[in-house]
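Colleague: coords please:
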Amino acid sequence: MEPENVNVKCAHGPRPKQKLLDRTREIIRRKHYSIRTERAYLNWMRRYILFHHKRHPKEMGPAEIEAFLTHLAMAGNVARSTQNQAFNALLFLYREVLGISLDDAGINAMRAHKKGTLPVVLTKDEVQRVIMATTGVYQLVAKLLYGSGLRLIEGLRLRVQDVDFSLQEVSVRDGKGE
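Modeller: The predicted model follows:
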């Protein structure tokens, strides 16, 4: 492993500075964010940079963030929570990576509209038919998810020693929100 402060020459010249998204990934991991948050944030940052024709975020500010978020709401037709996730990713980029403080109250992007549709809820009979249509491990996971309220990723990460049938207890490790 090479020391950080040594300027190593290679066939193409001196080693380039660390790229913005690589530095962002490093900071996210140092702060122990989940891998899914890391992927989502990096994706939003890439999309933001591409939306503004590959301009560096240091050259941009609240007006460009506002334009991007408004574009997501209007042309992208994204949900409010998706727009909020993009906004949080950009705040992270500016505050944590670039060291630029933004007045997030001063960013007045067009907000995505809350969807007027209600979620689809199955009746007990429909749930039973769905569960009975599966077999083996899939049926066990479906029953655990339905009966316990676990998230999908939590149910899939369960191990045999996490399920105690005698105490009717399930131990979830590293669940959302720890």
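
Colleague: what about the spatially most central residue of the chain, which helix or strand?
Modeller: Centroid check for the chain by Cα atoms, centre = their mean gives T37 as the closest residue, at 3.1 Å. Under the criterion of DSSP states H and E, T37 resides in helix 35-51.

Colleague: And that helix, what's buried?
Modeller: 38, 40-42, 44-45, 47-49 (16 or more other Cβ atoms under 10 Å). The C-beta positions use only the backbone N, C-alpha and C, and glycine is treated the same way.

Colleague: can you check stretch 131-149 too?
Modeller: Those would be 131, 141-142, 144-146, for stretch 131-149 by 16+ other Cβ under 10 Å.

Colleague: Okay, domains of the chain per the record?
Modeller: Domain assignment of the chain by automatic domain parsing yields the ranges 10-106, 124-170.

Colleague: Comparing those, which comes out most buried?
Modeller: domain 10-106 (a mean of 14; mean count of other Cβ atoms under 10 Å).

Colleague: Now that one: average pLDDT?
Modeller: The average pLDDT within domain 10-106 is 88.

Colleague: Off-centre distance for that domain?
Modeller: 12 Å (Cα atoms, centre = their mean, to the nearest Å).

Colleague: Check the gap between the residue nearest to the centre of the chain and R157 for me.
Modeller: T37 sits 17 Å away from R157, going by Cβ to Cβ, to the nearest Å.

Colleague: Show the contacting residues for G61.
Modeller: L102 (Cβ atoms under 8 Å, 6 or more residues apart in numbering).

Colleague: Can you list phi and psi of it for me?
Modeller: phi -160, psi -150 (degrees, to the nearest 10).

Colleague: Can you get me the start-to-end distance on stretch 129-138?
Modeller: Stretch 129-138 has its terminal residues 14 Å apart, counting by Cα to Cα, to the nearest Å.

Colleague: Give me the mean pLDDT for it.
Modeller: Here the average pLDDT along stretch 129-138 is 93.

Colleague: One more: stretch 141-156?
Modeller: 86.

Colleague: can you give me how far that stretch is from the chain middle?
Modeller: 21 Å.

Colleague: who's in contact with that stretch?
Modeller: 127, 130-131, 134, 158, 163, 170, 172, 175-176.

Colleague: tell me which of the buried residues of stretch 131-149 is nearest to A79?
Modeller: Taking Cβ to Cβ as the measure, L145 is the one of the buried residues of stretch 131-149 closest to A79, at 22.9 Å.

Colleague: mind listing what H113 touches?
Modeller: 73, 80.
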